[in-house]
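Novice: Below is the structure, and that's it, no one-letter string:
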């Protein structure tokens with residue numbers, strides 16, 4: 001039997017690349033992953049927290065340090081090597097590591113472990129996954145910021161949306177130089193995709 005004030009079991013999933021560009025382009029400030037975890041879990045029981053990010057090959061020492069920091073902060077870190085993509089029309093190359101599939105797989109493989117799922121991403125590709133989780137009785141929540149979340153994802157979650165701007169005074173990290181590859185290892189050319197189709201939001 002569920003009681004009104006019973007603690008929920010919460011799992012948190014962070015789309016690292018999307019969050020990097022949300023902070024860099026959308027917010028103009030960066031959050032502290034450890035503070036973020038504490039604020040989002042609140043008084044509930046944290047089951048798991050996952051952080052997904054691409055890594056250069058060979059890995060950049062700064063990225064490796066960041067992975068260790070995330071692990072000590074309480075995250076399970078999922079990584080994938082960045083792949084170089086060549087555009088034959090422009091002659092330009094970009095690097096990308098799409099971890100959307102891994103995020104959704106972890107959401108469903110651990111579905112029995114949580115009552116509430118919190119997704120940090122603005123990517124519209126997660127709309128259907130969240131709808132399916134809700135149909136299975138899970139409470140859903142998306143954390144991003146206005147204008148950096150896809151319209152379809154924003155409409156799908158309704159009031160179950162937390163704007164990072166509203167948490168700034170509790171999660172902002174102190175001002176200090178940000179390693180260029182921190183949080184995502186993805187290049188700026190990927191921002192239009194990884195920011196959750198913000199142009200259409």
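Specialist: Okay, I see it. Only a predicted model underlies this, so the values are computations on that prediction, with no experimental measurement involved.

Novice: so what pLDDT did residue 199 get?
Specialist: Here the pLDDT value assigned to residue 199 is 31.

Novice: try residue 171
Specialist: The model's pLDDT for residue 171 equals 97.

Novice: now do the one 10 residues further on
Specialist: Predicted confidence (pLDDT) for residue 181: 45.

Novice: How about the one 3 residues further on?
Specialist: Reading off the confidence values, residue 184 has pLDDT 42.

Novice: How about the one 3 residues further on?
Specialist: Looking at residue 187, its pLDDT is 35.

Novice: Residue 25 and residue 148 touch, don't they?
Specialist: Yes. Using CB atoms under 8 Å, residue 25 is in contact with residue 148, at 7.3 Å. Quick note: C-beta positions are derived from backbone N, CA and C, even for glycine.

Novice: Those two: who's more crowded?
Specialist: Comparing residue 25 with residue 148 by other CB atoms under 10 Å, the one with more neighbours is residue 148, at 23 against 15.

Novice: what's the neighbour count on the residue nearest to that one when sequence neighbours are not counted?
Specialist: With CB to CB, 6 or more residues apart in numbering as the criterion, residue 148 has its nearest non-adjacent residue at 3.7 Å, and that residue is residue 26. Using other CB under 10 Å, residue 26 has 22 neighbouring residues.

Novice: Could you look up the SS state of residue 26?
Specialist: Following DSSP: H, G, I helix; E, B strand; the rest coil, we place residue 26 in the helix state.

Novice: Relative to the whole chain's centre, how far out is the longest strand along the chain?
Specialist: Counting by DSSP state E, the longest strand found in the chain is strand 45-55. Chain-centre distance of strand 45-55: 8 Å, with CA atoms, centre = their mean, to the nearest Å.

Novice: What mean pLDDT does it get?
Specialist: The average pLDDT for strand 45-55 rounds to 95.

Novice: so how far is residue 174 from the spatially closest residue to residue 173 that is not a sequence neighbour?
Specialist: Nearest non-adjacent residue to residue 173, counting by CB to CB, 6+ apart: residue 32, 4.0 Å away. Separation of residue 32 from residue 174 (CB to CB, to the nearest Å): 8 Å.

Novice: More neighbours: the two, which one.
Specialist: Higher neighbour count among residue 32 and residue 174: residue 32, with 15 against 6, using other CB under 10 Å.

Novice: For that one, list the residues it contacts.
Specialist: Shown in contact with residue 32 (CB atoms under 8 Å, 6 or more residues apart in numbering): 171, 172, 173.

Novice: Name the residues linked to the second one by a beta bridge.
Specialist: The one in question is residue 172. Beta bridges link residue 172 to residue 31, judged by DSSP bridges.

Novice: and the closest residue to residue 29 other than its chain neighbours, how far is that from residue 32?
Specialist: Among residues not flanking residue 29 along the chain, residue 172 sits closest, at 5.6 Å (CB to CB, 6+ apart). Distance, residue 172 to residue 32, using CB to CB: 7 Å.
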